[in-house]
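> only geometry, no sequence info:
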């Protein structure tokens, strides 16, 4: 019982300020440890052509000033798998998500072919 009050105080200090009008939050943690992830990029897709992005703060929260609605979101952090989702955003709401660490076999490969010469079959001359 004596540990309950300090634990509740720590939890209240970790929460973002909820009184701001129009602010919706995404809380990002590590799926294994439950620890907040600092510096993750969170993008909310408002329409086919409009999106807003921000980075999580020291407590793992990303704040957005957006109109209430249901939007798709993407959370990206180096060393973790990309998380896609959809959630209802409204003032004061917190969308919680977690990221799995990227492990062997889950590589991020970004390739760009600048120039191609030759045949695509074995033994071809190019």
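Looks like it arrived, so ask away. Please read all numbers here as calculations on a predicted model, not as lab measurements. Numbering: from 1, shown residues only.

> mind listing the strands for the chain?
For the chain, applying DSSP state E gives strands covering 23-30, 41-45, 51-55, 61-65, 69-76, 83-89, 94-99.

> Now do the buried residues in the fifth one.
Yep, that's strand 69-76 we're talking about. Neighbour-count burial for strand 69-76, counted by 16 or more other CB atoms under 10 Å, picks out 71, 73, 75, 76. Glycine gets a C-beta too; all of them are placed from N, C-alpha and C.

> What of the last one?
Buried residues in strand 94-99, counted by 16+ other CB under 10 Å: 95, 97, 98, 99.

> returning to that earlier point: turn the buried residues of strand 69-76 into JSON lines, including distance to residue 30 and pLDDT.
Converted to JSON lines, the buried residues of strand 69-76 look like this (distance: CB to CB, whole Å; pLDDT from 0 to 100):
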{"residue": "71", "distance to residue 30": "24", "pLDDT": "96"}
{"residue": "73", "distance to residue 30": "18", "pLDDT": "97"}
{"residue": "75", "distance to residue 30": "12", "pLDDT": "97"}
{"residue": "76", "distance to residue 30": "14", "pLDDT": "95"}
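
> and which of these is nearest to residue 34?
Closest approach to residue 34 among the buried residues of strand 69-76 (CB to CB): residue 75, at 15.6 Å.

> what sits opposite the closest one in the beta ladder?
On the basis of DSSP bridges, residue 75 is bridged to residue 42, residue 83.

> List the residues that contact it.
For residue 75, the contacting residues are 26, 28, 40, 41, 42, 43, 82, 83, 85, 97, 99, by CB atoms under 8 Å, 6 or more residues apart in numbering.

> Show me how to select, in ChimeraX, the buried members of those.
Buried residues among the contacts of residue 75 (16+ other CB under 10 Å), as a ChimeraX selection:
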select :26,28,40,41,42,43,83,97,99
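
> circling back: just the buried residues of strand 94-99 now: which is nearest residue 54?
Closest approach between these and residue 54, by CB to CB: residue 95, at 13.0 Å.

> give me the number of residues near the closest residue to the closest one other than its chain neighbours?
Leaving aside its chain neighbours, residue 95 sits nearest to residue 87 (4.3 Å; criterion: CB to CB, 6 or more residues apart in numbering). Neighbour count for residue 87, taken as other CB atoms under 10 Å: 17.
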